[in-house]
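Chemist: Attaching a predicted model along with its sequence, questions to come.
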Amino acid sequence: MGILVARDGKVTHVIAGDAKGIFIPGLEDFPLGKRALRGLRLIHTHLNNEPLTQDDLTDLALLRLDIIAAIGVKDTLPDNIYAAHLMPQGPEKSIEVLPPVNFHRFTLDFISTVEALEDEMERRRIFDQRDTREKVILISASKAPKYEQEDSLAELKELAESSDVFVLDAIAQRPKEINPRYLMGEGKLKDVIIKALNKGATLLIFDQDLNPSQVKAIGELTELKVIDRSQLILDIFARRAHSRDGKVQVELAQLKYRLPRLAGKGTAMSRLMGGIGGRGPGEMKLEIDRRRVRDRISLLEKELRSLSEARRQRKQRRVEKGVPIVSIIGYTNAGKSTLLNSLTRSEVFVEDKMFATLDTASRRLRFPREREVIITDTVGFIRDLPKDLMAAFKSTLEELQDADLLLHLVDISNPRFEKQIESVENILRELSLTEKNRIIIFNKTDKAAEEDIRNSAVRYNAICISALSQSTFNPLLDAIEKNVWGYRER
């Protein structure tokens, strides 16, 4: 038998089990996150008078109980009482197991003990309690080489910070075999979740894409929200899309991503209502039936075709005027919008975050001899762009087919710039654009070592600039003129 008791002394649940143990029900009325502990204590019987088991201690940590106590039974009467509580973050042991005491002699000033523990736990947390942002633990479980895993986690951290969350920690696991249910072993995953709860996390973000059954299985182990890299990117896109084109494309990608996850949905999906993973133009109740989601997808696809036709007509007018088109492409946060602004003296939105620009912007750039080109800024590329997002933005990216010249902008100060170049080339291959005339431009030269820049520029035959300094633009403008009109002005 077991009971759950709130801090005011009220019994909230009476649980009848069997000889093996009890099953703790859902505790949605006492959610995690507001305080360091849940505000519930569990008192149950051990029929063989045995101490607290490892399962008991795991439940204590996973459920963030105020205290767990087992009353040993001997000859049908209470004998010893075994109790344990969590410890503040920092001490060597995360759980304090109290010595067994005869049930009739057991005394504990429970309220003062648990309130002192909770106050100390909150003092030791690394964030301000008034900070309302999601508190995130990043997780990677991969058999990839260590350096690749570290690079990928570093990029995931940048993505998370672009979504305005507080990253508490990043945990990398390299299991011998990938567990098809949890990615890593269940025991390892529980350890990770307990560590996340100790730190005050509200969200777990996996670097690997999770299939619907994995989201469900991991969600059943924890009350924290669980999302993957693709859903994080979708969330960023939902925040940043402003044009009708962008909003339709993002909502379409969100619904296509969520549709298979509506089947057999449980608490794991319902937790995503609101906040990261559940916002933006695609936000709608996840309990909506699949038929209505499919209807909405059909409607959005129809609208996307209509918007595509409008883009085609605008393109036709440009073609008739004979104005060359130069498109700036590159990895996200390479400085594409900053370059567009500097070249054309315009004010396209700029921010030092991944995917700050989602909506295509076009400006005119005048050259001598009364010549001009249209410069377009495109959505940033990223490795392993979610398939649904790639499909939704394909119509926008296909505009690159009409470009006379591609300017491939690279953030040379990024330690992963070579991988980023490779990712952009892969996406160009997917779009059948590898034959398109393009120039590689190394940006942010003011943030990297001069010798490294010089050696890399020779290897990639790149032009070096700082998008913040127009004085570095002459070689670039010369190259644009040569590629578009076949001669040099300067």
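Modeler: Nice, I can see it.

Chemist: Can you give me the distance of the residue nearest to residue 424 when sequence neighbours are not counted to residue 334?
Modeler: With C-beta to C-beta, 6 or more residues apart in numbering as the criterion, residue 424 has its nearest non-adjacent residue at 4.9 Å, and that residue is residue 381. Glycine gets a C-beta too; all of them are placed from N, C-alpha and C. Separation of residue 381 from residue 334 (C-beta to C-beta, to the nearest Å): 9 Å.

Chemist: Neighbour count: those two, which is higher?
Modeler: Neighbour comparison, residue 381 and residue 334: the larger count goes to residue 334, with 27 against 21 (by other C-beta atoms under 10 Å).

Chemist: by contact count, what packs against the longest strand along the chain?
Modeler: Looking only at the chain and at elements set by DSSP state E, the strand with the highest residue count is strand 77-86. Using 3 or more C-beta pairs under 8 Å, 6 or more residues apart in numbering; DSSP states H and E as the contact definition, the elements that strand 77-86 packs against are helix 54-63, strand 67-74, strand 95-97, strand 101-102, helix 110-124.

Chemist: 10 Å - rerun?
Modeler: Counting by 3 or more C-beta pairs under 10 Å, 6 or more residues apart in numbering; DSSP states H and E, the packing neighbours recorded for strand 77-86 are strand 40-46, helix 54-63, strand 67-74, strand 95-97, strand 101-102, helix 110-124, helix 186-199.

Chemist: Tell me how many other residues surround residue 180.
Modeler: Using other C-beta under 10 Å as the criterion, residue 180 is surrounded by 10 other residues.

Chemist: thinking again about what came up before, what residues are up against the residue nearest to residue 424?
Modeler: Counting by C-beta atoms under 10 Å, 6 or more residues apart in numbering, residue 381 touches 329-332, 334, 390, 397, 408, 420, 423-428.

Chemist: filter these to the buried ones?
Modeler: 329-332, 334, 390, 397, 408, 420, 423-424, 427-428 (16 or more other C-beta atoms under 10 Å).

Chemist: Quick one: name whatever helix or strand follows the host helix or strand of residue 362.
Modeler: Here residue 362, judged by DSSP states H and E, is contained in strand 361-367. Beyond strand 361-367 on the C-terminal side, the first helix or strand identified by DSSP H and E is strand 371-377.

Chemist: any idea of the mean pLDDT for that following strand?
Modeler: Taken as a whole, strand 371-377 carries a mean pLDDT of 86.

Chemist: Given it, what are its sheet partners and their directions?
Modeler: strand 325-330 (parallel), strand 361-367 (antiparallel) (DSSP bridges).

Chemist: Can you mark which positions in stretch 168-185 are buried?
Modeler: Buried, per 16+ other C-beta under 10 Å, within stretch 168-185: 168, 170-171, 173, 182-185.

Chemist: In CSV: these, plus secondary structure, pLDDT and distance to residue 473.
Modeler: Conversion of the buried residues of stretch 168-185 to CSV gives the following (DSSP: H, G, I helix; E, B strand; the rest coil; pLDDT from 0 to 100; distance: C-beta to C-beta, whole Å):
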residue, secondary structure, pLDDT, distance to residue 473
168, strand, 93, 42
170, strand, 94, 38
171, strand, 93, 44
173, strand, 90, 46
182, coil, 92, 52
183, strand, 91, 47
184, coil, 90, 49
185, coil, 88, 54
